[in-house]
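[1] Attaching a predicted model along with its sequence, questions to come.
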Amino acid sequence: MRLGTLFVLLLPLTQACSALQTPIAVTDFCAVAKVIQFSRLSDTLETIAAVKEHNAVYETLCTKAP
């Protein structure tokens, strides 16, 4: 699968909690994105799920070879 196609498929995941849905290039996303931590004690289940989703997108787009 081409990286551009993967980006198009995963873009909605990165924007699930965003009010603004502005498409960005994968290279731009990877330049500013980082792994996010959550607290099992104080974060809601929804927050934890969103963090895990973001981290999965980051892992797929930014740390794996194309």
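    Done, it's in. Since we're looking at a predicted model, the values are computed, not measured.
[2] Let me know the helix or strand that A49 is in.
    helix 45-58 (DSSP states H and E).
[3] Then R40?
    For R40, there is no enclosing helix or strand under DSSP H and E.
[4] which other helices and strands contact the helix holding A49?
    Packing partners of helix 45-58 (3 or more CB pairs under 8 Å, 6 or more residues apart in numbering; DSSP states H and E): helix 3-14. Every residue, glycine included, has its C-beta placed from N, CA and C.
[5] and the helix it packs on, what's its mean pLDDT?
    Averaged across helix 3-14, pLDDT comes to 52.
[6] Quick check: which helices or strands does the helix or strand just after it pack against?
    Once helix 3-14 ends, the next helix or strand along the chain (criterion: DSSP H and E) is helix 26-32. Secondary-structure packing of helix 26-32 (3+ CB pairs under 8 Å, 6+ apart): helix 3-14.
[7] go with 6 Å
    Where contact means 3 or more CB pairs under 6 Å, 6 or more residues apart in numbering; DSSP states H and E, helix 26-32 is not packed against any helix or strand.
[8] residues of it that come out buried?
    Buried residues in helix 26-32, counted by 16 or more other CB atoms under 10 Å: V26, F29.
[9] Averaged pLDDT, it. What do you get?
    Mean predicted confidence for helix 26-32 is 87.
[10] again, but for stretch 46-53
    For stretch 46-53, the per-residue pLDDT averages 96.
[11] tell me, how many neighbours does the closest residue to T47 other than its chain neighbours end up with?
    Take T47 and drop its neighbours on the chain: the residue closest to it by CB to CB, 6 or more residues apart in numbering is F38, 6.3 Å away. F38 is flanked by 16 other residues according to other CB atoms under 10 Å.
[12] Ok, the one 4 residues further on next?
    As a burial measure, S42 scores 7 neighbours (other CB under 10 Å).
[13] Assign a three-state SS to it, would you?
    With DSSP: H, G, I helix; E, B strand; the rest coil as the basis, S42 sits in coil.
[14] Torsion angles phi and psi at it?
    Note on S42: its backbone torsions stand at phi -110, psi -20 [degrees, to the nearest 10].
[15] follow-up on the earlier one: I'd say the residue nearest to T47 and E46 touch.
    No: look at F38 against E46 with CB atoms under 6 Å: they stay out of range, at 10.8 Å.
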